[in-house]
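Enquirer: the sequence isn't on hand, but the structure is:
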């Protein structure tokens, strides 16, 4: 494409709009994009908080294209830089990267392109800016802007803290006239303030979009054989869909991936302990192929630009609402309906408390981690709208969404005061009369009057609370314990997850406080028939709800062409076109290059590359009826 940087003065918004239409194939900006781009194009600093899928990358890519010089993008995503650059090159944008994966000749070629002004965007890992040779290289070129992606990594207590980001304050000191834009999809008010302080962006203009992702349906269920629960979800609602499953441990990742694969799901594991080649191959399969499920630790996913991830599932309780939001946000970047599903149980709470107690850092740090967990528990146990609670965590008000589990199937509440008193009394009597502490299982056995070997060994059948809780089942009692922990009426202590009273427990035992608990809804009826689980996985895919029936075969033909083209070029399928663009093509049935060029997501470069093959394909399949 022609060099877009040949402008002698700060460009106006119309030039940015022309760039959006010509290069990216979109007719108009969304939300705050136009204001952000205009501000950065004019040389201003910006701090942008915008949800995943909200179009953050355009907020620095377009200013980099229309300002003079090269846009330098600081990104922690080394493993994804090649894909990011490939996606831009597919649009006709001159892009390159410098990181540790390249050999000397590759780095020298990119450095020469930078110095000659032959690239528009240069991606760098943050650690590269701690190398003096990189700083001298940047001094010798003309920089149009600095973009700091995944800016929450600068926050000391953030969920993805990266020490290398702390050195980025030098950008303003060394290049005071170059505008900077920092971007993140996840930041509480405290993290927002820390980003501004650590990056010296206090005088920047701040843009905070709504964090709401209305296309994502949030659902949280009690654990009851979670792998089978997950399999049921995939078979009945996400057959053949791409998705991410998060597990806390590496062993759980591998076991879960093997379990799903054994039941016909195309699943691969991803964690830091895998051989680097296996890890890279599994990530590449997830990005480049349709319908692959990756089972991973939270090390996976930041910066993943795959738009058609239809679900994100958690088999373990996330450590914070911030991390949960970031991880679930990887679903539905294309705006299509998607699912965020979490299974959690009492053991998750015990395990997280144990990890906090054994964590590095001082008491203040452990208290902060505990507060994060308490907030996550409150979100899990709420009887109110999940989305309202999630957005409130980020300081944003909202109304009930009608598209989360608590809205679709409102939880019943019941007066759990007596149940709470019984359980707390059992904890109290064990401590006072026997000077003992136990976990939830033993206390529930006592309340249910079970004469187990452990109960008899400790003479717990002689306690006055023995057998006073038979009105509830084991599962119901475990639900009571989870909610008492969430409400701060119980606490976990020590390596063995024993339960102890809190200061607030006395109010319940003294009948000064009522305890309202949620009653778990009955298991909903299955939405579809289960498959046998044998074989190599189904090729069936859910049809997008907004696609007319007559356009379905056209859409599938376009997807098959896209998959073959992507494989031939060695790039992810979404680099060719997003599903949304293929849906519009399948529905509109353009008959000429001009008509195809009017489809959202078809810019000049892609029209020139793929226009004729698409028109030939459309001519060869049944066109949608008018």
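Expert: Nice, thanks for sending it over. Keep in mind that this is a model prediction, so the values were computed, not measured. Residues are numbered from 1 along each chain as shown.
Enquirer: quick check: residue 114 is in a helix.
Expert: Yes: counting by DSSP: H, G, I helix; E, B strand; the rest coil, residue 114 is found in a helix.
Enquirer: count of residues packed around it?
Expert: Residue 114: 22 surrounding residues under other CB atoms under 10 Å. For glycine as for every other residue, the C-beta is placed from the backbone atoms N, C-alpha and C.
Enquirer: show me what contacts the closest residue to it other than its chain neighbours?
Expert: Nearest in space to residue 114, with sequence neighbours left out and distances taken as CB to CB, 6 or more residues apart in numbering, is residue 141 at 5.1 Å. By CB atoms under 8 Å, 6 or more residues apart in numbering, the contact set of residue 141 is 69, 70, 114, 115, 117.
Enquirer: between all of the residues you listed, which two are separated the most?
Expert: 69 and 115 (11.6 Å; CB to CB).
Enquirer: quickly find the element holding the residue nearest in space to the middle of the chain.
Expert: Nearest to the geometric centre of the chain sits residue 327, at 2.3 Å (CA atoms, centre = their mean). If you go by DSSP states H and E, residue 327 is part of helix 321-328.
Enquirer: by contact count, what packs against that helix?
Expert: Helices and strands touching helix 321-328, by 3 or more CB pairs under 8 Å, 6 or more residues apart in numbering; DSSP states H and E, are strand 309-314, helix 363-381, helix 386-393.
Enquirer: right, so these: which one is the most enclosed?
Expert: Across the helices and strands packed on helix 321-328, averaging neighbours per residue (mean count of other CB atoms under 10 Å) puts strand 309-314 on top, at a mean of 24.
Enquirer: burial of residue 567, as a residue count?
Expert: For residue 567, the neighbour count with other CB under 10 Å is 12.
Enquirer: what's the answer for residue 169, then?
Expert: Residue 169 sits with 15 neighbouring residues when counted by other CB under 10 Å.
Enquirer: need the per-residue pLDDT for the closest residue to it other than its chain neighbours.
Expert: With sequence-adjacent residues excluded and distances taken as CB to CB, 6+ apart, residue 169 is closest to residue 200, at 4.8 Å. Looking at residue 200, its pLDDT stands at 87.
Enquirer: my guess is residue 200 is in a strand, correct?
Expert: No: per three-state DSSP, residue 200 lies outside any strand segment and is coil.
Enquirer: now do the same contact list for it.
Expert: By CB under 8 Å, 6+ apart, residue 200 lies in contact with 169, 172, 173.
Enquirer: looking at these, which is nearest residue 232?
Expert: residue 169 (49.2 Å).
Enquirer: do a quick rundown of the strands in the stretch 401-550 of the chain.
Expert: 412-415, 490-493, 498-501, 516-519 (DSSP state E, counting those that start in this stretch).
Enquirer: which among those strands is found nearest to residue 195?
Expert: For those, proximity to residue 195 was assessed by CB to CB; strand 490-493 is nearest, at 32.3 Å.
Enquirer: run the chain-centre distance for the closest one.
Expert: Centroid separation for strand 490-493 versus its chain: 30 Å, with CA atoms, centre = their mean, to the nearest Å.
Enquirer: which strands and helices sit next to that strand?
Expert: helix 346-357, helix 417-433, helix 474-486, strand 498-501.
Enquirer: pick the most deeply packed of the ones you listed.
Expert: By mean count of other CB under 10 Å, the helices and strands packed on strand 490-493 have helix 474-486 as the most buried, with a mean of 21.
Enquirer: relative to helix 417-433, how tilted is that helix?
Expert: Compare the direction of helix 474-486 with that of helix 417-433 by axes from the mean of the first three to the mean of the last three CA atoms, to 10 degrees and you get 80 degrees.
Enquirer: hmm, who's touching helix 474-486?
Expert: In contact with helix 474-486 (CB under 8 Å, 6+ apart) are residues 222, 224, 345-346, 349, 374, 377-378, 380-381, 416, 419-420, 423-424, 440, 444, 447-448, 469, 472, 490-492, 499, 515, 517-518, 520.
Enquirer: now stretch 373-391
Expert: Under CB under 8 Å, 6+ apart, the answer for stretch 373-391 is 210-212, 218-220, 317-321, 324-325, 342, 344, 349, 352-353, 356, 393, 397-401, 403-407, 410-411, 413, 482-483, 485-488, 518.
Enquirer: also stretch 201-215?
Expert: 31-32, 35-36, 39, 44-54, 180, 182, 192, 195-196, 325, 328-329, 332, 335-338, 387, 390-391, 394, 396, 398, 401, 403.
Enquirer: that older thread, redo the contacts of residue 200 as JSON lines? Include pLDDT and secondary structure.
Expert: Output for the contacts of residue 200, formatted as JSON lines (pLDDT from 0 to 100; DSSP: H, G, I helix; E, B strand; the rest coil):
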{"residue": "169", "pLDDT": "81", "secondary structure": "helix"}
{"residue": "172", "pLDDT": "87", "secondary structure": "helix"}
{"residue": "173", "pLDDT": "88", "secondary structure": "helix"}
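Enquirer: between those, which sits nearest residue 600?
Expert: Using CB to CB, those come closest to residue 600 at residue 172, 36.8 Å.
Enquirer: quick one: contacts for that closest one?
Expert: Going by CB under 8 Å, 6+ apart, residue 172 touches 180, 199, 200.
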